[in-house]
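Participant: below is the structure, and that's it, no one-letter string:
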């Protein structure tokens, strides 16, 4: 497809059913967002979970009750249609993967847009730091850890982290670059020594794909947006909708403007 | 009183009724916090208001439902006793200013600790920037503005700002120093030109005391923690408890550690 589409043009194609693939690499420079939709009855606990755990769960925007619109991250947007693919869970079980959720929409739903690491990966690459899984064309490796989140109401669990191998002489730069983007997970939470955070086999990630760690490189771990989804699933909520992995909302906000907006 | 008390020793004195004055200047280096206590029925809207307006309403910690304890900012703490003075509002009207709210506590209450500018003022002074109202021994001047907050449920209103006169050649330094403390309002929202944000008479603040602006200085405006209280009062909630101005909770967390905790 034409990678030069504007975000709103892409959302129109997705809304019409013309496009339903992953969004990686589309509309470069624009912020993409993860999605969690919950009934209002669970929304306070989840918002509090996010407030208490801002590194794995950076909230970009929360919709008004029952609304499919946004105030800040996009105009001409339909939360129920503009993600290429959704996942619907009932009592913790995946029951459907539709490309539109208008037919199951409820007036008591609240939608949470959550930052993803796409933005900081672009910044790392711009700074001359190779992002191995992008070079390899695979998914980022992600691991369960022994680091507890701060529980909130019914939501609890451990951090999930993503890992990128970084040359020793670029680790400090990787820290300072990601420090500037707290809206998309910010600084790493562990440099090297994966056993310290409960990772026993770096070559077998719990999610995503393994990547090569070359001589002179160390694994660097960042808080991952899978953490809130894992915490939600563990509580087996009556009803939750998320995006399908990689099938993000492309917003009207440029990565470079995130710090002015949030 | 002995200014060298530790935060927990001071809280014990407050809890026992031995101390009920303002906390300005006490336990230097430790973070002090504003308070808003609301029934759970209003808590989601208020947490969302804070999420949407992080500059005027930086949340430090939210208690569990009905709890008087904290997980992060203090141990050995009693939210209902450890502020020197409280304000109780019913349907938007001030009905009492007690030094303890245990007798009116309810199991459906949630307490929000909100950052205050004490921390960044200390940083400004350390950097060699005079803070005029501290020199003068008066309250900081605060003004209503025409800058709208982002509404959330029943809560809405305009920003309230605080003002400090800064010499022209120190304005950039004041920006960069406060940028490092987003938990306590962060960067200014307006430099000079008060009329742009709806302030018509700089010498008559809406709250606090006027200060002298000397030749070569410009007024610099920061988002103010009065904003969330003003938004709450405007909605006339059934029941709300706040701290009395200046009568803060002194926490166990040092200002310099804020960025590691939040």
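Facilitator: Right, received. Where do you want to start? From a predicted model like this one, the values you see are computed outputs, not experimental measurements. Residues are numbered from 1 along each chain as shown, chains lettered A, B, ... in the order given.
Participant: rest of the way, CA atoms for contacts and neighbours
Facilitator: Will do.
Participant: who in the stretch 101-250 of chain A is up against chain B?
Facilitator: A:152-153 (Cα under 8 Å from any Cα of the partner chain).
Participant: all the helices of the stretch 101-250 of chain A, in order from the start?
Facilitator: Ranges of helices in the stretch 101-250 of chain A, per DSSP state H, counting those that start in this stretch, are A:118-126, A:132-136, A:171-179, A:226-234.
Participant: for residue B:222, find the nearest of those helices.
Facilitator: Taking Cα to Cα, helix A:171-179 is the member of the helices of the stretch 101-250 of chain A nearest to residue B:222, at 23.0 Å.
Participant: need the winner for burial among the helices of the stretch 101-250 of chain A.
Facilitator: Sort the helices of the stretch 101-250 of chain A by mean neighbour count, taking mean count of other Cα atoms under 10 Å in any protein chain shown, and helix A:226-234 sits at the top with a mean of 20.
Participant: average pLDDT for it?
Facilitator: What helix A:226-234 shows for mean pLDDT is 87.
Participant: distance of residue A:32 from chain B?
Facilitator: Distance of residue A:32 to chain B, given as Cα to the nearest Cα, to the nearest Å: 19 Å.
Participant: isn't that residue right next to residue A:248, touching?
Facilitator: Yes: the pair residue A:32 and residue A:248 passes the contact test of Cα atoms under 8 Å, sitting 5.9 Å apart.
Participant: specify the local secondary structure of the residue of the stretch 1-150 of chain A found nearest chain B.
Facilitator: Proximity of the stretch 1-150 of chain A to chain B (Cα to the nearest Cα) peaks at residue A:44, 5.2 Å away. Taking DSSP: H, G, I helix; E, B strand; the rest coil as the rule, one finds residue A:44 in the helix state.
Participant: name the nearest residue to residue A:64, sequence neighbours excluded.
Facilitator: residue A:110 (6.6 Å; Cα to Cα, 6 or more residues apart in numbering or on different chains).
Participant: what number of residues lie near the closest residue to residue A:167 other than its chain neighbours?
Facilitator: Residue nearest to residue A:167 in three dimensions, not counting chain neighbours: residue A:217, with 4.0 Å by Cα to Cα, 6+ apart. Per other Cα atoms under 10 Å in any protein chain shown, the neighbour tally for residue A:217 reads 17.
Participant: who's more crowded, residue A:32 and residue A:248?
Facilitator: Between residue A:32 and residue A:248, counting by other Cα under 10 Å, residue A:32 is the more crowded of the two (30 against 25).
Participant: got a list of what that one touches?
Facilitator: By Cα atoms under 8 Å, 6 or more residues apart in numbering or on different chains, the contact list for residue A:32 reads A:115-116, A:118-119, A:248-251.
Participant: turn the residues you listed into TSV, columns for pLDDT.
Facilitator: Below are the contacts of residue A:32 laid out as TSV (pLDDT from 0 to 100):
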residue	pLDDT
A:115	91
A:116	85
A:118	74
A:119	75
A:248	90
A:249	96
A:250	94
A:251	96
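Participant: between those residues, which sits nearest residue A:102?
Facilitator: Of all the contacts of residue A:32, residue A:249 has the smallest distance to residue A:102: 15.8 Å, by Cα to Cα.
Participant: number of residues surrounding the closest one?
Facilitator: 28.
Participant: need the helices of the stretch 101-250 of chain A in CSV with distance to residue B:164, can you?
Facilitator: Shown next, in CSV, are the helices of the stretch 101-250 of chain A (distance: least, Cα to Cα, whole Å):
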stretch, distance to residue B:164
helix A:118-126, 35
helix A:132-136, 48
helix A:171-179, 28
helix A:226-234, 40
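Participant: who wins for proximity to residue B:62 among those?
Facilitator: Taking Cα to Cα, helix A:226-234 is the member of these nearest to residue B:62, at 18.2 Å.
Participant: could you list the low-pLDDT ranges of the stretch 1-150 of chain A?
Facilitator: By pLDDT under 70, the weakly predicted segments of the stretch 1-150 of chain A are A:1-3.
Participant: and chain A, what are its domains?
Facilitator: Following automatic domain parsing, one finds the domains of chain A at A:7-116+A:235-256, A:118-228.
Participant: would you map the strands across chain A?
Facilitator: Ranges of strands in chain A, per DSSP state E, are A:30-39, A:59-62, A:86-90, A:93-96, A:109-115, A:142-148, A:158-167, A:190-191, A:217-223, A:239-243, A:249-254.
Participant: possible to save the ones you listed as CSV with distance to residue A:205?
Facilitator: Listed next are the strands of chain A as CSV, based on distance: least, Cα to Cα, whole Å:
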stretch, distance to residue A:205
strand A:30-39, 21
strand A:59-62, 26
strand A:86-90, 22
strand A:93-96, 22
strand A:109-115, 22
strand A:142-148, 5
strand A:158-167, 9
strand A:190-191, 16
strand A:217-223, 12
strand A:239-243, 21
strand A:249-254, 26
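Participant: of the ones you listed, which is nearest residue B:257?
Facilitator: Residue B:257 lies closest to strand A:190-191 among these, at 18.2 Å (Cα to Cα).
Participant: returning to what we had before: any chance of TSV for the domains of chain A, columns distance to residue B:124?
Facilitator: Shown next, in TSV, are those (distance: least, Cα to Cα, whole Å):
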stretch	distance to residue B:124
domain A:7-116+A:235-256	27
domain A:118-228	22
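Participant: looking at the contacts of residue A:32, which one is closest to residue B:207?
Facilitator: Ranked by distance to residue B:207 (Cα to Cα), the contacts of residue A:32 are led by residue A:115 at 37.3 Å.
Participant: what sits opposite that closest one in the beta ladder?
Facilitator: residue A:33 (DSSP bridges).
Participant: residues touching it, list them.
Facilitator: With Cα under 8 Å, 6+ apart, residue A:115 has these contacts: A:32-34, A:57-60, A:183-185, A:225.
Participant: top of these by neighbour count?
Facilitator: Greatest neighbour count in the contacts of residue A:115, by other Cα under 10 Å, goes to residue A:184: 32 neighbours.
Participant: that residue and residue B:165, how far apart?
Facilitator: The gap separating residue A:184 from residue B:165 is 35 Å, by Cα to Cα, to the nearest Å.
Participant: then residue A:154?
Facilitator: Separation of residue A:154 from residue B:165 (Cα to Cα): 47 Å.
Participant: so between those two, which is more surrounded?
Facilitator: With neighbours defined as other Cα under 10 Å, residue A:154 and residue B:165 compare such that residue B:165 has more, 23 against 15.
Participant: and that one, how far from residue A:46?
Facilitator: In this view, residue B:165 and residue A:46 are 41 Å apart by Cα to Cα.
Participant: can you check residue A:69 too?
Facilitator: According to Cα to Cα, residue A:69 and residue A:46 sit 20 Å apart.
Participant: thinking again about what came up before, the residue nearest to residue A:64 contacts residue A:70, doesn't it?
Facilitator: No: contact criterion Cα under 8 Å: residue A:110 and residue A:70 do not qualify, at 11.4 Å.
Participant: list the buried residues in stretch A:208-226.
Facilitator: Taking 16 or more other Cα atoms under 10 Å in any protein chain shown as the basis for neighbour counts, the residues of stretch A:208-226 that come out buried are A:210-211, A:213, A:217-226.
Participant: tell me which two of the contacts of residue A:115 sit farthest apart.
Facilitator: Maximum pairwise distance among the contacts of residue A:115 (Cα to Cα): 14.4 Å, between A:32 and A:57.
Participant: how many other residues sit next to residue A:35?
Facilitator: Per other Cα under 10 Å, the neighbour tally for residue A:35 reads 25.
Participant: do residue A:257 as well
Facilitator: By the measure other Cα under 10 Å, the count of residues near residue A:257 is 12.
Participant: the most centrally placed residue in chain A: what's it in contact with?
Facilitator: The residue lying closest to the centre of chain A (Cα atoms, centre = their mean) is residue A:116, at 3.5 Å. By Cα under 8 Å, 6+ apart, the residues touching residue A:116 are A:32-34, A:184-185, A:224-225.
Participant: and the furthest pair within those?
Facilitator: Longest distance between any two of the contacts of residue A:116 is 14.6 Å, between A:32 and A:224; criterion Cα to Cα.
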